[in-house]
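Trainee: fold the following.
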Amino acid sequence: MAKVNMKKITICGYGLIGGCIALDILASKSKVLITAFDRKAVLDKISKHPKHKVKVESNFSQAVQDADLIILAAPHKANETMLKRLSKNKKSENCLIIDTGAVKSPITMLAESLKFSDGVQFLPTHPMAGRERAGFENASPKLFKDHAWYLSDDVKLNYENQLKIDWLIKKVKAMRVHISGNHHDQLVSEISHLPQLISTLLGGQTNPDLIPLAGPGLRSMLRLSGSPYKVWEEIIQENKTEIIKALL
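Mentor: Take a look at the predicted model:
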């Protein structure tokens, strides 16, 4: 792979996904500065955590300044708000912005309506990996290893930004899958969003007192039902059309 000059990566929204990305990069011993942007309460916890040796920054402009790669790993609406702010930041140049959201069409349409500085590009992406427990405290390296990481083929990256996404996928050891935003949303409605709904429905109908008496089959099916409601509420709302189609 051609050499890429990666000096600074900013992760906006330092939760489970952002934390796992950071741990993979830290484990690779790369000489790159990782900056975490989030709420002060989260940043205070990060600064005291022994494994997450990253720089914390509560000021958005300072966090993204001079970044070669910006990863939007917050909930969907927050990612969209930050993407708008980044389009107005005329000081940034030659930067790749990606997101990690589970629905691609809304943010893709938003990005198409925005104008970025020279060399700044936005690439919608989605790593198909996660856990039922949120927060960087539950992060660990190798979460993405051998799992699909969807990369939008609706965007043609310049040479430098292509090297940056290649670098990241190699660091996390994911399996790259190029796909359009619309096709992505249709696909994940069947292989991700619908299973989540089924697990949540099953969890709501199951007497919790009986779960200790159940075998691994039921427990496996109920695992997803413990996922954060706030996260899935937003995902289902944004992709409800495709989910309804998958149910028919």
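
Trainee: list the contacts of the most centrally placed residue in the chain.
Mentor: Geometric centre of the chain, nearest residue: T100, 2.4 Å, by C-alpha atoms, centre = their mean. T100 makes contacts with 17-18, 71-73, 125-127, as judged by C-beta atoms under 8 Å, 6 or more residues apart in numbering. C-betas here are computed from N, CA, C, even on glycine.

Trainee: just the buried ones from those, in ChimeraX syntax?
Mentor: Those of the contacts of T100 that count as buried under 16 or more other C-beta atoms under 10 Å are selected in ChimeraX with:
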select :17,18,71,72,73,125,126,127
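
Trainee: point out where the protein drops to low pLDDT.
Mentor: The chain contains residues with pLDDT under 70 at 1.

Trainee: biggest helix in it, by residue count?
Mentor: Counting residues, the longest helix found in the chain (DSSP state H) is helix 159-172.

Trainee: per-domain residue ranges of the chain.
Mentor: 8-179, 183-247 (automatic domain parsing).

Trainee: gap between the shortest one and the chain center?
Mentor: Here the centre of domain 183-247 is set off from its chain's centre by 19 Å, with C-alpha atoms, centre = their mean, to the nearest Å.

Trainee: swap in stretch 18-29?
Mentor: 14 Å.

Trainee: circling back to that earlier point, including distance to P106 and secondary structure, could the contacts of T100 go into CSV?
Mentor: Formatted as CSV, the contacts of T100 follow (distance: C-beta to C-beta, whole Å; DSSP: H, G, I helix; E, B strand; the rest coil):
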residue, distance to P106, secondary structure
I17, 18, helix
G18, 20, helix
I71, 18, strand
L72, 13, strand
A73, 16, coil
T125, 14, strand
H126, 13, strand
P127, 18, strand
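
Trainee: now name the helix or strand holding F122.
Mentor: strand 121-127 (DSSP states H and E).

Trainee: then V177?
Mentor: strand 175-179.

Trainee: what are the pairing partners of that strand, and which direction each?
Mentor: Paired strands of strand 175-179, with direction, are strand 148-152 (parallel) (DSSP bridges).

Trainee: how many other residues sit next to F136?
Mentor: The tally of other residues near F136 (other C-beta atoms under 10 Å) stands at 25.

Trainee: got it, and S225?
Mentor: Counted with other C-beta under 10 Å, S225 comes out at 18.

Trainee: report the contact partners of the closest residue to it other than its chain neighbours.
Mentor: Take S225 and drop its neighbours on the chain: the residue closest to it by C-beta to C-beta, 6 or more residues apart in numbering is G203, 3.1 Å away. Shown in contact with G203 (C-beta under 8 Å, 6+ apart): 222, 225-226.

Trainee: tell me which residues in stretch 5-14 are buried?
Mentor: Applying 16+ other C-beta under 10 Å to stretch 5-14 flags 6, 8-14 as buried.

Trainee: restricted to helices, list these.
Mentor: Using DSSP H, none of these sit in helices.

Trainee: mind telling me the two of those farthest from one another?
Mentor: Spanning the widest gap among those are M6 and G13, at 19.9 Å by C-beta to C-beta.

Trainee: the most far-flung residue of the chain relative to its centre and T206: what is the separation?
Mentor: Within the chain, the residue lying farthest from the chain centre (C-alpha atoms, centre = their mean) is L213, at 35.9 Å. Distance of L213 to T206, given as C-beta to C-beta, to the nearest Å: 11 Å.
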